[in-house]
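**Q** Would you be able to build a 3D model of this:
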Amino acid sequence: MDFVTDKLTDGKSFRVLTVVDQFTRQCIAPSAGDSMTVAKAAEALRAAANEYGAAPESITVDNGNEFTDRAFELWARPCA
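**A** Here you go, the predicted structure:
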């Protein structure tokens, strides 16, 4: 799971949340926006968990600080 950033031809930036199932290699929660916040990412993950019937047992992320936010922690550990 990671954020990817790029720019449109008009110079406007956008971010895409990529969540790839490591077994099937399927992108299960594609989500894009001009300001992809961790709260929006947590909502996309919630929707994917509802669609697929369960949340993942483990998640691999890079060393970025995006996933240290409280919104992501609340999604990952709802009882925290």
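**Q** Show me the shaky parts of the chain.
**A** The model of the chain has pLDDT under 70 over residues 63-64, 78-80.
**Q** Scan it for its longest helix.
**A** helix 38-52 (DSSP state H).
**Q** helices or strands up against it?
**A** Applying 3 or more CB pairs under 8 Å, 6 or more residues apart in numbering; DSSP states H and E, we find helix 38-52 packed against strand 13-18, strand 31-33, helix 70-76. Yep, even glycine has a C-beta here, placed from its N, CA and C like the rest.
**Q** how about CSV for those, with mean neighbour count and distance to Asp2 added?
**A** As requested, those are arranged in CSV below (neighbours: other CB atoms under 10 Å; distance: least, CB to CB, whole Å):
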stretch, mean neighbour count, distance to Asp2
strand 13-18, 16, 6
strand 31-33, 15, 12
helix 70-76, 15, 13
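**Q** Run through the bridge partners of the spatially closest residue to Thr5 that is not a sequence neighbour.
**A** Leaving aside its chain neighbours, Thr5 sits nearest to Arg15 (5.1 Å; criterion: CB to CB, 6 or more residues apart in numbering). Beta-bridge partners recorded for Arg15 (DSSP bridges): Thr5, Gly33.
**Q** so who does Arg15 touch?
**A** Contacts for Arg15 (CB atoms under 8 Å, 6 or more residues apart in numbering) come out as 3-5, 32-36.
**Q** and the residue nearest to Trp75 when sequence neighbours are not counted, what is it in contact with?
**A** Of all residues not flanking Trp75 in the chain, Ala42 sits nearest, at 3.9 Å (CB to CB, 6+ apart). Counting by CB under 8 Å, 6+ apart, Ala42 touches 71-72, 74-75.
**Q** Could you rerun that using 10 Å?
**A** The neighbours of Ala42, taking CB atoms under 10 Å, 6 or more residues apart in numbering as the test, are 17, 67, 69-76.
**Q** which of the contacts of Arg15 are buried?
**A** 3, 36 (16 or more other CB atoms under 10 Å).
**Q** In TSV, list the contacts of Arg15 along with distance to Phe23.
**A** Shown next, in TSV, are those (distance: CB to CB, whole Å):
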residue	distance to Phe23
Phe3	22
Val4	21
Thr5	27
Ala32	24
Gly33	27
Asp34	32
Ser35	31
Met36	25
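**Q** Cheers, nothing more for now.
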